[in-house]
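**Student:** Coordinates for the following, if possible.
(chains A and B)
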Amino acid sequence: MDNLTQLSLLPGVRLTYLQTEKFKTDYVSINFLRPLTEADAPLGALLPSVLLRGTERYPDMSAICAQLDTLYGAGIDGASRKKGEVQIIGFYMDFIDDALSPDGSAVVAPSMDFLGEVLLHPVLENGLLKAEFVEGEKFNLINTIESQINDKRAWASKRLVETMFEGESYRISRLGTVEQVQAITPQTLTSYWQRVLAQSEMEVFFMGRASLEHVSQGLRHALRDLPRGSFDAYGTQLCYKREKLKERSEVMDVTQGKLVMGLRTPDIASTPGYPALVMCNAIFGGCVTSKLFLNVREQMSLCYYVSSGLEKFKGVMIVSAGIDSDRYEVARDAILKELDACRSGQISDAEIDAALRALTSSLQAAEDSPSRMDDHYLGQRLLGLNNAPVDLIPQLQAVTREDIAAAAQRLWLDSIYFVKGESVHD
Amino acid sequence: MTEQFYPHLSERILEHILPNGLVVRVIPKAGFARKYAFFAANYGSIDTSFHFRGQHVRTPDGVAHYLEHKMFDLPRGNVMQQFAARGASPNAFTSYAITAYYFDCTDQFEDNLKLLLEFVSTPYFTAESVEKERGIIAQEIRMYEDAPSSQVYEQLFAAMYQHHPVRAPIAGTVESIAQITAQTLYTCHEAFYHPGNMCLCVTGDVDAQTVFAIAEQMLGQQSSPVPERDYGPAEDLNCNALRVKRQMEVAMPTFMLGFKCQPPANGPDVLRQELMGDLAAELLMGEASPLYARLYEQGLIDPSFGVGYESMRGVGLLVASGDSNDPEAVTAAILDECGRLTSSGADEALFRRLKRSMLGRRLRDLDSFESVCFRQCSFLFDGAEYFTFPEVCEAISMEDTLDFLKTTVVEAHSGLSTIYPLED
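**Tutor:** Residues are numbered from 1 along each chain as shown, chains lettered A, B, ... in the order given. Purely as a prediction, here's the structure:
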């Protein structure tokens, strides 16, 4: 992309900078790339919220809030993302660009400064993160973990992942478990924070109006106290072993059953088969012209929702459907029948064309969304690639029906998880 | 065509009003790949009772939403596929107040716009297709019934309002939609989907004259009968501090607290009251308020806690919601704090910062095509001009805001809806 610049801000810290005049908002994210491990996941999930509780200059939530309000309602959020078997923790911030600041006061530099303050200068008591903040945020994280059961669709997906990836890091929830969070102390969290700062490769992303010089200077200044050491390795293990299908179910208080099916593939975003897999997913269940949407939802009225999606780092396709609890077998078989149609190449030119158009439009539109561009370039870094979203378009255009069928043949069903209503008996 | 420039926003609105009353607005945005068109009817789930062509009509709950599902059918087939064939993703939603159809594309914008205007203005329902949709909508309703986040507010509205149709869920119930026929849909389409009751708003890197010409060509011939809506008698603000609760499979109690206030009359006041309602909620209990910090530190609220002002014709409600192990304690603390603020005054510096924050956040929100078009249409239907928000916000004083709190945050006007975990 012609408006893209990448440079090294500090050892192991890469800045991806995208200049554009089209937004009123500037967007920046700071990310630490970490291996997803049982021990670190809960610490990574907890750390951003503790750091957002108070800093040396803004010692409590009211002071933090007052500073954000003064910056014309700047937004900051902590995030813990999971991509393959990599945990990415950090912060993103958005704020009005200086050019649009109603009273002309500077917003960009103070916002970056604030971000640095949150990362590097939290309130410490005897050298440790403040116990009150740690305990308060542990309580919230535990509630978040316990509340996962409220959303049954997401719950079914979570249970599927735990079933399907038993023995692999990918099964680990980015939030950790209640027991693990309970065990966190100010000591363990502080030493994790120090380890994250010194031992992580980092990706910083900016998209907006402010000049490269302004942004890189602002960030270098904000990160001037960042310790740098040797970096912890991270990456995703790919798994090609086919095992016996795992079918699990659980009875819950739902009126609508939630069916989730997990498939594996050797194709990930950095392998040659990926464009065909993307086309295959779009045709099978990824868009409104897909076989699942048209045949299973619209024609057979079997599902309220049904769609498939890809995880491009680990090589996974997940199919998710909301169905009547007593129609499990019918729905499962109808979904698999559509996959078989893809495998045997029963794909029309119209289906290929519609999938291509939907994907093209979505890839072009990504450039209008800072958060999608952030997510994209972060993913590219993990994959060792550096393409723009639109660079995939010519590769998709080159995919043939045979390529799509071959991609479908490389997919295999690994596990099924079903959350069903109480009134249904086997 | 008229052109209005808003220097505080660096935005322009190009407007053309068709002789039959359709308002077409274009908000040009240079440099974007996406083009977005939003076509909305001033017709939502609350419009269930109305006078039309000399008759009083009472329709089952959930018709507006059912109609939205069925509009995508044309005699030649479902339009989803036609949009998709051109790389556009169409969608629609029904709220209490409006129904909106929109699409997003990067290519073939003009053809997609024509298709949008064609399908929304072409009713085509058969007994068979209406019957088939019933199963799909029933599933959707069941999904809402399983979601504590929907149940907590539906339960609150149902309890706090005596007559107003906001009592019923937007999609209706499995029982109410059983009464909907093709004829019901035709009647409601005729009554509400006409140019005088609709607004088309387009944003992106588009040519306004082309948009106006397409609107003229597709919709210029249609006339506009006017239905008269009936929301029942004015609501009593008093709801006697009612409590409604039910148990569901949730990990911790989730609640929504409402304070009923006088809804503003159609006109600029709708925008003023929304901004003031938001400011009042933030001043009393928002993230920057002393009360929020105290409740958060006590563990009574967590990051799920949110506050705001909800309004539609005949309804005005200041709300607070979130997860808490003691919603009663949160309610009591909010009432207490309001008494303290209104008797001994609030922090002037905090109020100024809240206004600054509101202005900045709403300015940045103009980057969102969805939000720009939605707000244009909904405020236009209510007689207000959304892009005047910087001036309207500037003119709101702390004194007015405290007066609003004093008359609104009153125990007798409050209702508390809670979803509790099931007992083991």
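
**Student:** my guess is B:Leu257 is in a helix, correct?
**Tutor:** No - read with DSSP: H, G, I helix; E, B strand; the rest coil, B:Leu257 is strand and lies in no helix.

**Student:** Looks like it contacts B:Glu411 (just checking).
**Tutor:** No - judged on CB atoms under 8 Å, B:Leu257 makes no contact with B:Glu411 at a distance of 11.2 Å. Placement of C-beta: from N, CA and C, glycine included.

**Student:** quick one, which of these two is more surrounded?
**Tutor:** Just comparing B:Leu257 and B:Glu411: by other CB atoms under 10 Å in any protein chain shown the higher neighbour count belongs to B:Leu257, 25 against 12.

**Student:** Check the gap between that one and B:Ala293 for me.
**Tutor:** 19 Å (CB to CB, to the nearest Å).

**Student:** Around chain B, pick out the residues from the stretch 301-426 of chain A.
**Tutor:** Residues of the stretch 301-426 of chain A lying close to chain B (CB under 8 Å from any CB of the partner chain) are A:301, A:303-304, A:322, A:324, A:350, A:353-354, A:357-358, A:360-362, A:364-365, A:367-368.

**Student:** Among those, which lie within strands?
**Tutor:** If you go by DSSP state E, these have A:Cys303, A:Tyr304, A:Gly322 in strands.

**Student:** which one of the residues you listed sits closest to A:Ser147?
**Tutor:** For those, the minimum distance to A:Ser147 (CB to CB) is 19.9 Å, reached by A:Gly322.

**Student:** Who are the contact partners of A:Ile89?
**Tutor:** A:Asn31, A:Phe32, A:Arg34, A:Gly44, A:Ala45, A:Leu47, A:Pro48, A:Gly78, A:Ala79, A:Ser80, A:Arg81, A:Val196 (CB atoms under 8 Å, 6 or more residues apart in numbering or on different chains).

**Student:** Now do the helix or strand harbouring the fourth one: which elements does it pack against?
**Tutor:** If I follow you right, that is A:Gly44. In the assignment (DSSP states H and E), A:Gly44 maps to helix A:41-51. Here helix A:41-51 touches strand A:75-83, strand A:86-96, helix A:131-147, helix A:178-182, helix A:186-199, going by 3 or more CB pairs under 8 Å, 6 or more residues apart in numbering or on different chains; DSSP states H and E.

**Student:** Could you dump those into TSV with mean pLDDT added?
**Tutor:** Compiled in TSV, the helices and strands packed on helix A:41-51 are given as follows (pLDDT from 0 to 100):
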stretch	mean pLDDT
strand A:75-83	94
strand A:86-96	97
helix A:131-147	94
helix A:178-182	97
helix A:186-199	98
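
**Student:** Adding distance to B:His189, write these out as JSON lines.
**Tutor:** Below are the helices and strands packed on helix A:41-51 laid out as JSON lines (distance: least, CB to CB, whole Å):
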{"stretch": "strand A:75-83", "distance to B:His189": "41"}
{"stretch": "strand A:86-96", "distance to B:His189": "41"}
{"stretch": "helix A:131-147", "distance to B:His189": "41"}
{"stretch": "helix A:178-182", "distance to B:His189": "51"}
{"stretch": "helix A:186-199", "distance to B:His189": "58"}
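
**Student:** Please enumerate the strands of the stretch 201-350 of chain A.
**Tutor:** Remark: strands assigned in the stretch 201-350 of chain A by DSSP state E, counting those that start in this stretch are A:201-208, A:246-251, A:257-264, A:303-311, A:316-323.

**Student:** closest one to B:Ile136 among those strands?
**Tutor:** strand A:303-311 (6.2 Å).

**Student:** The closest one - which strands sit beside it in the sheet, and in what orientation?
**Tutor:** Strand A:303-311 sits in its sheet next to strand A:316-323 (antiparallel), going by DSSP bridges.

**Student:** hmm, who's touching the partner strand?
**Tutor:** Strand A:316-323 is contacted from outside by A:153, A:156-157, A:160, A:164, A:170, A:256-265, A:281, A:285, A:292, A:296, A:302-311, A:331, A:335, A:411, B:139, B:143, using CB under 8 Å, 6+ apart.

**Student:** Next, the angle from that strand to strand A:257-264.
**Tutor:** Counting by axes from the mean of the first three to the mean of the last three CA atoms, to 10 degrees, strand A:316-323 lies at 160 degrees to strand A:257-264.

**Student:** Dump the C-alpha coordinates for strand A:316-323 into CSV.
**Tutor:** Extracted as CSV, the C-alpha positions of strand A:316-323 are listed here (Å, rounded to 0.1, in the frame of the first residue of the first chain):
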residue,chain,number,x,y,z
VAL,A,316,-9.8,-24.4,11.6
MET,A,317,-13.3,-24.0,10.2
ILE,A,318,-16.2,-23.7,12.7
VAL,A,319,-19.8,-24.1,11.6
SER,A,320,-22.4,-22.6,14.0
ALA,A,321,-26.1,-23.1,13.9
GLY,A,322,-29.2,-22.3,16.0
ILE,A,323,-31.7,-25.2,15.7
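
**Student:** Show me how far it is from its chain's centre.
**Tutor:** 17 Å (CA atoms, centre = their mean, to the nearest Å).

**Student:** what comes up buried for that strand?
**Tutor:** Residues A:Val316, A:Met317, A:Ile318, A:Val319, A:Ser320, A:Ala321, A:Gly322, A:Ile323 are the ones in strand A:316-323 that count as buried (16 or more other CB atoms under 10 Å in any protein chain shown).
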